[in-house]
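1. I need the structure of the sequence given here:
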Amino acid sequence: MKTSIHTEISFSEIGNDGRISFGGIIDQMQDSSNVQSEALGVGVSYQAKRDRAWILSSWEIKIKRLPKYMDKVVVSTWPYSFRGATGRRNYTIAMEGTDENIVEADSVWALFDVKKNFITRITEEDSKAYECEEKLDMEYSKGKILRANDYAMREIFKVRKYQLDTNNHMNNGWYVKIAEEFVEDKENVNSIRVEYKKSALYDDTIIAYVAKETDRLVVELRNDLSEIFAIVEFGMRN
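-> Model prediction:
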């Protein structure tokens, strides 16, 4: 099943360049999948009653160009696979009235047993409300994000209450919003990959380690024990 949301880029979603922030892209896509789940009757409250929650494992986002303030866009999403403990979902953002995708994305989600605090296998009960569509024809990366060789510690953050989601974890978008701080040339970014390793909780310390290479910027968000919360990779145009 495909869900499409017609919306307009708001002032609160843009950066100082007048275009949507990278964190804003994450928020738009995450919201669209929540809209779909709620419409199908398997949203947040339904999952909470079953002690279940879908948590993000990774993003891969391809950016052709970024919409600007007041642009009318269509944000679409659909699941295409459920296997083991993971579900996969595509997203697109297109200018309204066109068939051209200016942003395309793939995501991997894991089903989390809240009571047991453990990833659990997806059953038919978990997936039956969703009708899988064909996988988006986009360029998919193979393998994990390669860690850089030389990181520099840049800044230290604290997780605040306003950054938490309904699972009391820092919301997925905030990892990208923090990492975006270190992007010097936003116009040159053509892809974003995110791998979530460990959920950040209220008052956790997040230390940003940054590595700049020829064709990418890698930001590792770690705790004070050097455990990784998330790795964010910004791919650069040559």
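
2. for burial, what's the neighbour tally of Ala53?
-> Number of residues near Ala53 (other CB atoms under 10 Å) recorded here: 18. In short, each C-beta sits where N, CA and C put it, glycine included.

3. typo on my end, it should be Glu60
-> A count of nearby residues for Glu60, using other CB under 10 Å, gives 21.

4. now it: closest residue in space that isn't a chain neighbour?
-> Asp106 (4.6 Å; CB to CB, 6 or more residues apart in numbering).

5. per-residue confidence at that neighbour?
-> As predicted, Asp106 sits at a pLDDT of 98.

6. just the strands from this structure, written as ranges.
-> With DSSP state E as the criterion, the chain has strands at 3-8, 52-63, 72-83, 86-95, 101-113, 118-119, 152-158, 189-196, 205-212, 216-222, 228-236.

7. which elements pack onto the first one?
-> Helices and strands touching strand 3-8, as assessed by 3 or more CB pairs under 8 Å, 6 or more residues apart in numbering; DSSP states H and E, comprise helix 22-39, strand 72-83.

8. may I have it as PDB, with CA atoms only?
-> Output of strand 3-8 as PDB, limited to C-alpha atoms (Å, rounded to 0.1, in the frame of the first residue of the first chain):
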ATOM      1  CA  THR A   3       0.400   6.500   1.000                       C
ATOM      2  CA  SER A   4       1.000  10.000  -0.400                       C
ATOM      3  CA  ILE A   5       0.800  13.300   1.600                       C
ATOM      4  CA  HIS A   6       0.400  16.600  -0.200                       C
ATOM      5  CA  THR A   7       2.100  19.300   1.800                       C
ATOM      6  CA  GLU A   8       4.000  22.600   1.700                       C
END
